[in-house]
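>>> Have a look; sequence and predicted model below, questions after that.
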Amino acid sequence: MRENRIRSIWKAGGAVVNGWLAIPSTFSAETMAHQGWDSLTVDLQHGVVDYQKAVDMFTAISTTRTVPMARVPWNEPGILMKVLDAGAYAVICPMVNCRKDAERLVAATHYPPLGTRSFGPVRALLYGGADYPTQANDTVVVFAMIETREALDNLEEIVSVPGLDAIYIGPSDLSLALGCKPTFDDVDPPVAEAIEHILARAKAHGVVAGIHNGTPEKALERIAMGFQFVTISSDARLMAAGAQQIMAKMNAAPKKETDASGY
């Protein structure tokens with residue numbers, strides 16, 4: 001079966017640098033994949049991507065060594081199984097708030113006897129290889145998002161669920177849950193404390209910790225803290241930031257006067 005480089009990087013003690021795809025375009029997905037990201041996550045929750053376009057984007061990512069991932073809209077078995085069948089090698093699931101939520105997530109993403117995933121790896125066979133059915137349980141990576149006060153209260157139970165590989169922190173939603181302003185990097189003190197607590201409990205249970213970031217500088221700080229999966233910005237934000245830089249320079253340049261007389 002095709003190697004999951006996320007697991008290989010973790011096994012070597014490294015951190016995965018993940019990109020984020022919110023734009024429903026095979027061309028932009030392929031362009032991002034050719035920039036050297038370790039993994040790219042197709043966002044079906046808050047991006048404007050539907051399932052059919054996600055399949056196309058996974059195919060575009062597969063032209064490189066970058067690992068295709070998906071954030072699903074919800075902890076619902078149908079979409080979890082479909083993105084895996086389409087070839088996603090890792091899934092991020094939002095709003096995992098208790099042990100039962102985490103168990104339901106693990107069950108939907110693992111074939112029996114470890115779970116209840118239905119058999120039908122229609123594109124996963126093409127991407128992963130003929131032995132996908134026997135190797136998928138040990139290859140696919142499963143993330144639970146920790147982003148609510150309830151999840152914080154039940155954190156110990158969540159990270160102790162067998163088969164859960166990693167947790168993923170969404171700083172904006174976590175900030176809202178704790179009564180703070182939603183942001184990625186410059187979080188308020190209660191959120192900073194919660195992030196440190198989540199990281200410590202995940203590491204204590206042998207679960208990898210990941211987090212979303214707005215800048216590479218912050219991502220490097222998170223890696224130094226012990227995070228082994230860092231997302232930086234998104235395709236839409238990167239495109240907007242690049243355009244803003246260009247227009248700021250153009251608008252700041254001296255304007256050449258023109259003859260308005262028409263002659």
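Sure thing, it's come through.

>>> Please look at residue 148 and residue 98 and confirm they touch.
No. The criterion here is CB atoms under 8 Å, and residue 148 misses it with residue 98 at 9.9 Å. C-betas here are computed from N, CA, C, even on glycine.

>>> quick one: which of the two has more around it?
residue 148 (20 against 16; other CB atoms under 10 Å).

>>> check contacts around that one.
95, 97, 173-174, 177 (CB atoms under 8 Å, 6 or more residues apart in numbering).

>>> So residue 100: helix, strand or coil?
Three-state assignment for residue 100 (DSSP: H, G, I helix; E, B strand; the rest coil): helix.

>>> before we move on, the earlier item: nearest to residue 14 among the contacts of residue 148?
residue 174 (25.0 Å; CB to CB).

>>> tally of neighbours for residue 13?
Quick note: residue 13 (other CB under 10 Å) scores 7 neighbours.

>>> Checking it next. Helix, strand or coil?
coil.

>>> circling back to that earlier point, shared neighbours, residue 148 and residue 98?
With CB under 8 Å, 6+ apart, residue 148 and residue 98 have no common neighbours.

>>> The stretch 101-250 of the chain: strands as residue ranges?
141-146, 166-169, 208-213, 229-232 (DSSP state E, counting those that start in this stretch).

>>> quick revisit: from the contacts of residue 148, list just the buried residues.
Buried members of these, scored by 16 or more other CB atoms under 10 Å, are 95, 97, 173-174, 177.

>>> Show me where this protein dips below the pLDDT cut-off.
257-263 (pLDDT under 70).

>>> Recalculate using a threshold of 90.
Low-confidence segments of the chain (pLDDT under 90): 254-263.

>>> Contact partners for the residue most central in space within the chain?
Nearest to the mean C-alpha position of the chain, by CA atoms, centre = their mean, lies residue 41 at 4.7 Å. With contact taken as CB under 8 Å, 6+ apart, residue 41 is in contact with 18-21, 69-71, 90, 92, 231.

>>> Any of these buried? List them.
18-21, 69-71, 90, 92, 231.

>>> The stretch 101-250 of the chain: helices as residue ranges?
124-128, 132-139, 149-153, 155-159, 171-177, 189-204, 216-225, 235-252 (DSSP state H, counting those that start in this stretch).

>>> Any idea which of these gets closest to residue 102?
Closest approach to residue 102 among the helices of the stretch 101-250 of the chain (CB to CB): helix 155-159, 4.7 Å.

>>> Surely residue 157 is in contact with residue 101?
No. In this structure residue 157 lies outside contact range of residue 101 using CB under 8 Å: 9.8 Å.

>>> Between these two, which has more neighbouring residues?
Legend: neighbour count by other CB under 10 Å for residue 157 and residue 101, higher for residue 101 (20 against 15).

>>> Check the gap between that one and residue 31 for me.
Distance of residue 101 to residue 31, given as CB to CB, to the nearest Å: 35 Å.

>>> Same question for residue 186.
Following CB to CB, the distance that separates residue 186 from residue 31 is 29 Å.

>>> And for residue 47?
For residue 47 relative to residue 31 (CB to CB), the value is 16 Å.

>>> for residue 92, same thing?
If you go by CB to CB, the gap between residue 92 and residue 31 works out to 22 Å.

>>> Next: residue 169.
Relative to residue 31, and taking CB to CB, residue 169 is found at 27 Å.

>>> neighbour count winner among these two?
Neighbours were tallied for residue 169 and for residue 31 using other CB under 10 Å; the higher tally belongs to residue 169 (26 against 12).

>>> Tell me how many other residues surround the nearest residue in space to that one that is not next to it in sequence.
Nearest residue to residue 169, sequence neighbours excluded (CB to CB, 6 or more residues apart in numbering): residue 211, at 4.3 Å. The number of residues packed near residue 211 is 25, by other CB under 10 Å.

>>> Enumerate every residue touching residue 211.
Residues in contact with residue 211, defined by CB under 8 Å, 6+ apart, are 168-169, 171, 195, 222, 227, 229-231.

>>> Right, I'll call it a day here.
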